[in-house]
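Chemist: 3D model of this:
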Amino acid sequence: MNYLAHIYLSGDNKLLMIGNFIGDAIKGHNYEKLQPIIRKGVLMHRAIDDFTDRHPINAKIRKLLHPEFGKYAGVYLDMFYDHFLAVGWHNFSNEVPLMTFCMKFYLDALVRHKYLPFRIKTLLYTFIIGNRLKNYAKLDSFENALEYMHRHSGLPRTGKEAVECLMNNYDVLRDAFYEFFPLLINHTRIWRLEYDKEDVAVSD
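Modeler: As a prediction, this is how the structure comes out:
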């Protein structure tokens, strides 16, 4: 999953959101240096990615996308899923509008700026200026986000090409998202419960 999904799956805990947000930037065992709640967020990020990568629904979709994106099919799928989460936000968060959720996260991340790795600090300003999280719902803004990744991450397709692929497979990708995402929500809930039990056991 991509940034919006990771943040959403963190629930209401601000430091847990930060850990989940920076997860890709924390390599190896470097998470052990972080404070406990942020460390939990990083490990949750990895658990979410692992479940997502291994699930047969997504394996099938990656196979569909592979001719277009090769080994990066999973990266583009994560981005496409964030688009569907943004578009269908009301299906998963009835109480907080997407705009409100994004603005709160941006503010929380700025307040906790000291916890962010350098690469994420620079990325955060791009997110805020372009309101990246909310604009995943808009195809033109989503194309710009994909284009940014193409230029800065070495992904093989331009934003325009990636959006064309999204539109050509829109129904299949949307259906896969709505089949998979509730499973991921449940998996994440169980993971948090198990993590907390283990944490308590270690503390005792």
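
Chemist: my guess is residue 155 meets residue 73, correct?
Modeler: No. Counting by CB atoms under 8 Å, residue 155 sits too far from residue 73 to count as a contact (10.7 Å). Every C-beta, even on glycine, is put in place using the N, C-alpha and C of the backbone.

Chemist: mind telling me what element residue 67 is part of?
Modeler: helix 56-69 (DSSP states H and E).

Chemist: residue 42 contacts residue 18, doesn't it?
Modeler: No. Using CB under 8 Å, residue 42 is not in contact with residue 18; the gap is 9.3 Å.

Chemist: ok, the two, which is more surrounded?
Modeler: The neighbour comparison of residue 42 against residue 18 (other CB atoms under 10 Å) goes to residue 18, with 27 against 23.

Chemist: hmm, residue 65 is touching residue 77, no?
Modeler: Yes. Taking CB under 8 Å as the definition, residue 65 is a contact partner of residue 77 at 6.1 Å.

Chemist: and the longest helix along the chain, how far out from the chain middle?
Modeler: Using DSSP state H, we find that the single longest helix of the chain is helix 170-203. Averaging C-alpha positions (CA atoms, centre = their mean, to the nearest Å) puts helix 170-203 13 Å from its chain's average.

Chemist: report the angle between it and helix 56-69.
Modeler: Using axes from the mean of the first three to the mean of the last three CA atoms, to 10 degrees, the inter-axis angle of helix 170-203 relative to helix 56-69 is 120 degrees.

Chemist: cool, thanks, talk later.
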